[in-house]
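**Student:** Let me see the structure of the following:
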Amino acid sequence: MHQTDTTGPTLPDPKTAPALFEGVLTRRVMAFFIDLFVMGLMILAFAFVGLIVGFVTFGLGWLALMFVVPATIVLYYGATLGSPKRATLGMQAMDIVLTPTRGQPLDGWMAFVHAGVFWVTTWISWPLSLLFALFTPRRQMIHDLITGTLMVRRSPMERHWRDHSARANQAY
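**Tutor:** Residues are numbered from 1 along each chain as shown. Predicted coordinates for the structure are as follows:
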């Protein structure tokens, strides 16, 4: 739902719901390193399979090895961020979740777009992206603002939406 839509929940504000944003940036960095480790293991496994396939196909399968890294990244983010949990394994471990801000669902395509923009902005300048998050009230990084997403803590978020729904039901 849109921020201006009064019939549904609005975006949480760090002033009124500080628990949602407490340590989010640190948790994001830790989640990123956990995800890098998991993707590294996946890349090694896929590369090993590709190596064996290359021997079986007399070297023809080795041509596919150049796609192992990008395919792993796309597969990992699409399967995790595009799932109902809306979080990678690292994000789940750090109790954070990706939330859409523009009223559209966070489906597999949006997860691909978010991951793609994340890797492009990180590749261009990861320090700038992290620095940018220090000055946005909701700790959004550049790719979050571009894709219309917000990273919040999962457990306080569930309580926040439950309390928000209860207040909205009492108003009617």
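
**Student:** mind checking the backbone torsions on the residue of the chain most remote from its centre?
**Tutor:** Among residues of the chain, the one most distant from the C-alpha centroid is residue 58; the distance is 39.1 Å, by C-alpha atoms, centre = their mean. For residue 58, the backbone dihedrals are phi 60, psi 40 (criterion: degrees, to the nearest 10).

**Student:** Quick check: the gap between it and residue 148.
**Tutor:** Going from residue 58 to residue 148 by C-beta to C-beta, to the nearest Å gives 48 Å. C-beta coordinates here come from the backbone N, C-alpha and C atoms, glycine included.

**Student:** again, but for residue 47
**Tutor:** 35 Å.

**Student:** Can you tell me, leaving aside adjacent residues, what's nearest to residue 21?
**Tutor:** residue 14 (4.6 Å; C-beta to C-beta, 6 or more residues apart in numbering).

**Student:** So the one you found: helix, strand or coil?
**Tutor:** coil (DSSP: H, G, I helix; E, B strand; the rest coil).

**Student:** My guess is it contacts residue 24. True?
**Tutor:** No. Applying C-beta atoms under 8 Å as the test, residue 14 and residue 24 come out as separate, 9.4 Å apart.

**Student:** Can you pull the residues that touch both of those two?
**Tutor:** residue 139 (C-beta atoms under 8 Å, 6 or more residues apart in numbering).

**Student:** ok, the two, which is more surrounded?
**Tutor:** residue 24 (22 against 16; other C-beta atoms under 10 Å).

**Student:** Let me see the ranges of the strands in this structure.
**Tutor:** Applying DSSP state E to the chain gives strands spanning 96-100, 149-153.

**Student:** would you list the ones you listed in CSV and tack on mean neighbour count, distance to residue 135 and mean pLDDT?
**Tutor:** Shown next, in CSV, are the strands of the chain (neighbours: other C-beta atoms under 10 Å; distance: least, C-beta to C-beta, whole Å; pLDDT from 0 to 100):
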stretch, mean neighbour count, distance to residue 135, mean pLDDT
strand 96-100, 21, 19, 90
strand 149-153, 23, 15, 91
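
**Student:** Of those strands, which is nearest residue 38?
**Tutor:** Closest to residue 38 of those is strand 96-100 (C-beta to C-beta; 15.5 Å).

**Student:** what's the angle from the closest one to strand 149-153?
**Tutor:** 150 degrees (axes from the mean of the first three to the mean of the last three C-alpha atoms, to 10 degrees).

**Student:** Just the pLDDT for residue 36.
**Tutor:** For residue 36, the pLDDT comes out at 96.
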